[in-house]
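[1] just a sequence and a predicted model for now, questions to come.
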Amino acid sequence: MAQPAENDIDSDSLRRAAIDRSVKGPVLFLFTNAAFWLMASTIVGLFAAVKQVFPDFLDENWLWFLQYGRIQPAHLIALVYGWGIPVGLGTSLWIMARRTGQELKTGRSLMLVAAIFWNIAVTAGILAVLFGGSTSVEWLEFPKFLWPVLLICFLVFAWPMVSMFARARHPEGFMISAWYILGACIWFPWLFTTANVCIHCIGDLGAIGAGINAWYVNGVILLFFVPVGVGSAYYFIPKVTGQPIASQQLAKIGFWLLAALGGWSGMQRFMGGPLPAWMPAFGAMAGVLLLIPVGVVGWNHHLTTLGKHKLVQTSPSLRFSFFGALFYPVSGLIYALLSAFWTGANLQFTLAWYGFQVVSLYGFFSMCMFGAIYYIVPRLVGCEWLSVRLIRNHFWFSVYGIGAIVVTSIICGLQQGGDINDPEKWNLSFSNVVLNIRPYIVARAVAWGLITWSNVWFLIHLMLMVAGLGRRSTAPTLLPSHDHDDGLPSISHPSKA
Amino acid sequence: MSDFRKFVLRIGILFGLPWFFLIVGPVMKYQKLAPIAYDKDKDGVDGQYPPSVIHRQGQLVYAREGCVQCHSQMIRSANLGLDGWRKGWGQEQEGRTAEPVRSNTLRDYLGEPFAFLGIQRTGPDLANVGWRITDRAKMHQSFYAPRSVNQWSTMPSYRQLYTVQKAQGQKSKLALDLPEEFHPGKGWEVVPTAEAEALVDYMISLKKDYPVPGMAAAMAAAAQPKK
C-alpha cells in the first residue's frame, strides 16, 4: 500500500484535497444522518430489551405501538438501513475515491437527493412498522412498495464507485480494500432485489420464502457489512500504522473465499425444519468453512499491526479499526457455532442469534466505521475533533456495551436452547424457560443504556464537526497514552495525510 | 479482457452459483408443488394433504403485531431438537406420547404467502397451537390480559384488538370474562374486534401435524421384523 511520506510533494496533497472536496457533501450527509439513526436505534433497542422482561413498562392504552413485536424490528431496521448501509456507503465512497485516485466528477447532487430519499424511505418504513404496516419478514419489515426506492438510492451510490474502479487504469499498489467495496456494491443490490422479488412479487412461497429471507439476512451481513468493514480495516490499519498489508496472498485468499462461500450460507437458520434438507446443510457447511477466510483476514490484520500497538492507544481511528478487526474473528466464530448442526441445534431460535447480529453489525462493522469516521471527517471539514475525552468515552462505552451484549446473549442462548432441548424438562412450562433468560435480557438493557450514552456524545461531537466548529489545528486529535496528560494532543504523528 | 471485467465476472460466477441453485431453482420447483391425495388404505384418511390452509386474515394480524419475534412455527426433527417431545406442542396436551410430533415438511406451509418459521423462541412454538386452544374465550382473555391467565407471562397485552364499551342492556355474548383487577370497571365490557377474532381463527387453523401420505405405511414397514 502506498504510504505518504512526510515530505509529500505538494501536488499529491493537492490531489488528495481535491478528491476529498469532491465527495464531501454526500459523505458528510450520510454520516450525520446515519449517526442520528444509530442513536435512535440504540434507544429503541434499550426499550425493546426492557419490554422483553417487563411488558407492562410504558404500556399505556395509547402506547400500543411500542409493543415488543413492533419496536424490536424497528430497532433492527434502524440499525441496518438507517445506520449500517448509509455509513457503509459513505465510507466506501471516500475510500474508493482515494484508493483509485479519482475525483467524483458527476452525480454529487443526485447522490444528495438519493440520500434524502433513502432517509425518507427508512423513516416511512419504521413508522409503518410501528403503526401496523409490518410484513414481519425479518429485515424486510418495510411495506412492500418501499424496496424499489431503497434499491434505486443504493444504486445511485454504487454505480459511481463501480465506474471509479473501472476507470482506475494505474492502480497504485494493491487494491484489496477497493475489491471488497466493489464486491459489496455488486452483492447488496443482487441480494436485495432477489429477496424482495421472491417474497413480495412472486409471493406464495411458503417455507421457501422463509428460507430466502434467512439467506438474505445472512447475505447482507456476510456480503455487505463484512466486506465494507474489512475493506475499511484494510485501508485504515496500514494507513495509520504506516506498514503495508502483511501478506497480499492472505488478503486475496480471504477475499475470494468469502466471495465463494458467502452466497451459500443462511438457510441453516431453519435446520431440522421444512426446507429440503440439503439447503440448510449447504448453509451450515459454508458457515463453518467461513472460519478459514475469517481467520486468514484476522491473522493478516494481526501481522499488520504487530509492533505498532502503541499507535492503537493514541490514534482514535486505529483504535476503533483495530478493535473492529478483532471482533471479526469473534463474530466468525459465533457464526460457525450457530451454523454447525452440532452446536446450532442448541442455539437455534435463541437470543444467540440476536447476539450474532449485534456482534457482526455493531462489534465488528460499526467499530470499523467509527474508525473510518474519526479519520475521514477531519479531512473533509478542515478541523480536528474537539475532545479527547468524548472519543475515549465513545470507545470504552461501546466496547464494554458490545462485549456485555455478546457474552450475555451467547450464554443466554445456551441456557435457553438447553432448557428447550433437555429431555428432563419436556414438561417444563414455557414461561419457566423465559424466566430463566430474564437476567441476561436485563444485562442487555443495561448494555444498550451504556451504548446509548456513548452514541449521544458521538452524535453531538460529529454534528459540531460537520458544523465546522472543530479544533482549528494542523495536529490531529490523539488519545494520550498516559492518563495524566489528558487533552493534550501530541504533535508528532505520521498519519495525517 | 480487462482486469476489471475479469474481476466482475469472477464475482458474478461465484455468487451466481449459490443464487441459482439455492434460490432460483427451488423457487421454480416450489411453484409446481401441489397437494397430494391420501391413500385411504395406507394412510387411513381421506382427502388431500395438506387438508386445509391457514386463516389468511388472521395471519395478517399476526404479521402486523410482530408475533414472529417471539413465536416459531416449526417443529424440528427429533435428531436436532426436542420440539416433538415437548408437552403440548402436538395434539396430546397432557401426557407423553409414544412417538414425537412429526417435524414439518414443505407442504405444511403450502398456500401461505410467507411462512413465519420464527426468529426467537421467547414464547412457545405455535406450529400445532390449534390443538391447544379448546376455548375461544380463554384465547381472547390471554390476548387481552396475558397476566390474568399466566402470572409470569411476558406477552404484551394486545388491548388495541379489543373494544371497551359501555355495558348497556343485556351483556354482550362476546364480552370477555375477566378477573377483577384486569376488568375495565363496573358498567363496562370488553369485546373483541373482527381482527381479534381473525387472529384466534388463525391460531385455531394452525395444526401442522396431519399425517404425511405414505409415512404411516413406511413407519409400519420399518417397525416390522425382517423375515
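    Arrived safely.

[2] thinking A:Asp422 is in contact with B:Arg86, fair?
    No. Judged on Cβ atoms under 8 Å, A:Asp422 makes no contact with B:Arg86 at a distance of 10.3 Å. C-betas here are computed from N, CA, C, even on glycine.

[3] of those two, who's got more company?
    More crowded of A:Asp422 and B:Arg86, by other Cβ atoms under 10 Å in any protein chain shown: B:Arg86, with 23 against 13.

[4] now the more buried one: how far from chain A?
    Look at B:Arg86 and chain A: by Cβ to the nearest Cβ, to the nearest Å, they are 6 Å apart.

[5] in space, what's closest to that residue - neighbours in sequence excluded?
    Spatial nearest neighbour of B:Arg86, excluding adjacent residues (Cβ to Cβ, 6 or more residues apart in numbering or on different chains): A:Trp426 at 5.7 Å.

[6] count of neighbours near the one you found?
    A count of nearby residues for A:Trp426, using other Cβ under 10 Å, gives 16.

[7] residue contacts, it?
    For A:Trp426, the contacting residues are B:Leu82, B:Trp85, B:Arg86, B:Lys87, B:Arg96, by Cβ atoms under 8 Å, 6 or more residues apart in numbering or on different chains.

[8] swap in 6 Å and give it another go.
    B:Trp85, B:Arg86, B:Lys87 (Cβ atoms under 6 Å, 6 or more residues apart in numbering or on different chains).

[9] the stretch 1-150 of chain A against chain B: which residues are in contact?
    Residues of the stretch 1-150 of chain A that fall close to chain B, judged by Cβ under 6 Å from any Cβ of the partner chain: A:Pro55, A:Trp64, A:Gln67, A:Tyr68, A:Gly69, A:Arg70, A:Gln72, A:Gly132, A:Ser134, A:Thr135, A:Ser136, A:Glu138.

[10] so where's the chain uncertain?
    Since you didn't name a chain, this refers to chain A. Of all residues in chain A, those with pLDDT under 70 make up the ranges A:1-9, A:169-174, A:481-497.

[11] meant chain B, my bad for not saying
    Low-confidence segments of chain B, defined by pLDDT under 70: B:1, B:225-227.

[12] OK, now which residue of it is nearest to chain A?
    Nearest to chain A, among the residues of chain B, is B:Gly66, at 2.5 Å (Cβ to the nearest Cβ).

[13] so that residue touches A:Arg70, yeah?
    Yes. Between B:Gly66 and A:Arg70 there is a contact under Cβ atoms under 6 Å: 5.2 Å.

[14] the strands in chain B, which residues?
    In order along the chain, chain B carries the following strands (DSSP state E): B:36-37, B:48-49, B:162-166, B:188-192.

[15] which residues sit against the second one?
    Taking Cβ under 6 Å, 6+ apart as the criterion, the residues outside strand B:48-49 that touch it are B:Pro35, B:Ile36, B:Ala37, B:Tyr38, B:Pro213.

[16] give me every residue that touches the third one.
    The neighbourhood of B:Ala37, defined by Cβ under 6 Å, 6+ apart, consists of B:Gln48.

[17] residues in a beta bridge with it, which ones?
    According to DSSP bridges, B:Gln48 are recorded as the beta-bridge partners of B:Ala37.

[18] contact partners for A:Gly363?
    Contact analysis of A:Gly363 by Cβ under 6 Å, 6+ apart lists A:Phe327, A:Ile402.

[19] swap the cut-off to 7 Å and go again
    For A:Gly363, the set of contacting residues under the criterion of Cβ atoms under 7 Å, 6 or more residues apart in numbering or on different chains consists of A:Phe327, A:Val330, A:Ser331, A:Ile402, A:Val406.

[20] could you confirm it falls within a helix?
    Yes. Judged by DSSP: H, G, I helix; E, B strand; the rest coil, A:Gly363 forms part of a helix.

[21] look up how far B:Met74 lies from it.
    The gap separating A:Gly363 from B:Met74 is 29 Å, by Cβ to Cβ, to the nearest Å.

[22] the residue of chain A found nearest chain B: neighbour count?
    Shortest chain A-to-chain B distance, computed as Cβ to the nearest Cβ: residue-wise this is A:Gly69, at 2.5 Å. Using other Cβ under 10 Å, the number of residues around A:Gly69 comes to 24.
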